[in-house]
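Engineer: Take a look and give me a structure for this.
(one chain, ligands or ions: 2)
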Amino acid sequence: MKPSFRPRLINDPFSDPGLFIPFLFQRRALLFDLGDLSRLSSRDLLKLSHIFVTHTHMDHFIGFDQLLRLLLGRDREVYLYGPSQFIQKVRAKLSAYTWNLIENYENTLSIQVTEIRGEKVLVQRYSSSNRFRPTGPPVEIPFRGNVLSEKSFSIDVVSLDHKIDCLGLSLRENFSINIIKEGLKEQRLPVGPWLREFKDALYEGRDPTEKFRVVWTDMDGGVRQKEYSIGELKEKIARISPGQKITYLADMIGSPENMEKAVNLARDSHHLFIEAPFLDRDRDIARRKYHLTAKEAGLIAARARVGELTLFHFSPRYYGREQELVGEAMAAFSAGV
Ligand SMILES: [Zn+2]
Ligand SMILES: [Zn+2]
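Structural biologist: Ligands and ions are numbered 1, 2, ... in the order given. The predicted model follows:
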């Protein structure tokens, strides 16, 4: 079965955190954390629609400028999410540059910033067409744990203690639609944008007897089409399975409250990405710096009963000794103690 999302860490575990989550068969991706992006191609960066910043320590936010530079001059809309003070931080970044010539650009770049602050969510929009000046006060809405909800997936967040708020993030797919290659071959259908429309029809729960037309351009430029009922095409080319859940936990202290919140967010995730900066024997340093130990990371994974565990954010003090961090986390993951 091919998962609909294939998350991958952008950098090695000693470098800036960041999880790139491309969508299968779509030119679209999500990003958890906005650290150094230089290992991502422009092609991948241009897929980004929604970006979630756990907190604005430099290693999680320095990629903002790089992304802004690439997007400037393009007709694009991006959505940024972050913890309390996030709107102010984005505004500070935007106001650091001079925008006197930008109004003459043909295309408009819009940035919608959502700040999760306690019980509420604040939303502020910025546009290149008015030099990224705020158009008015932020719109305020109540926060209920969920910051983005689309047909096929939603994003849950929780605020964790890192001496400041740091967001824990979880992507929940409603259900997963896998397209069977052999089915496509038998029907002589090519992959293409129509697959997204077809998936959307299934996510929307449309009537299976409703007609669905597959339209594509063949090698010599001719437009071809075939018509099915939604139910018939589903039978021939798709398999439905329970959706994936991917959780990302960055900087947080291993306090009992944080551990409990993290376990609740990550529960039954197929894949947990979690920071493991320090060995448990260096727990005092971890506490002082408001970070987890590798053992605590493994315990969260065990208690949340996750399927797969990937570690990141190793402290540079363990260069060449990363196997100790991995070993400690994995031992706690399998033993659960
Ligand atoms: Zn931090
Ligand atoms: Zn960090």
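Engineer: List the buried residues for the top helix by length along the chain?
Structural biologist: In the chain, with assignment by DSSP state H, the single longest helix is helix 322-335. Buried residues in helix 322-335, defined by neighbour count with 16 or more other CB atoms under 10 Å: Glu322, Leu325, Val326, Glu328, Ala329, Met330, Ala332, Phe333. (C-beta placed from N, C-alpha, C; glycine too.)
Engineer: With adjacent residues omitted, what lies nearest to the first one?
Structural biologist: What that stands for is Glu322. Take Glu322 and drop its neighbours on the chain: the residue closest to it by CB to CB, 6 or more residues apart in numbering is Phe314, 5.7 Å away.
Engineer: about what we covered before: using CSV, please lay out the buried residues of helix 322-335 together with distance to ligand 2 and pLDDT.
Structural biologist: Shown next, in CSV, are the buried residues of helix 322-335 (distance: CB to the ion, whole Å; pLDDT from 0 to 100):
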residue, distance to ligand 2, pLDDT
Glu322, 17, 95
Leu325, 15, 98
Val326, 19, 98
Glu328, 19, 98
Ala329, 17, 98
Met330, 22, 98
Ala332, 21, 98
Phe333, 22, 97
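Engineer: follow-up on the earlier one: burial of the residue nearest to Glu322, as a residue count?
Structural biologist: Counted with other CB atoms under 10 Å, residues neighbouring Phe314 total 22.
Engineer: From ligand 2, how far off is it?
Structural biologist: 11 Å (CB to the ion, to the nearest Å).
Engineer: For that residue, which residues are in contact?
Structural biologist: Pro13, Phe14, Ala276, Pro277, Glu322, Leu325 (CB atoms under 8 Å, 6 or more residues apart in numbering).
Engineer: for stretch 253-271, how far is the first residue from the last?
Structural biologist: 21 Å (CA to CA, to the nearest Å).
Engineer: buried set for it?
Structural biologist: If you call a residue buried by 16+ other CB under 10 Å, then stretch 253-271 has these buried ones: Ile253, Gly254, Asn258, Met259, Lys261, Ala262, Val263, Leu265, Ala266, Ser269, His270, His271.
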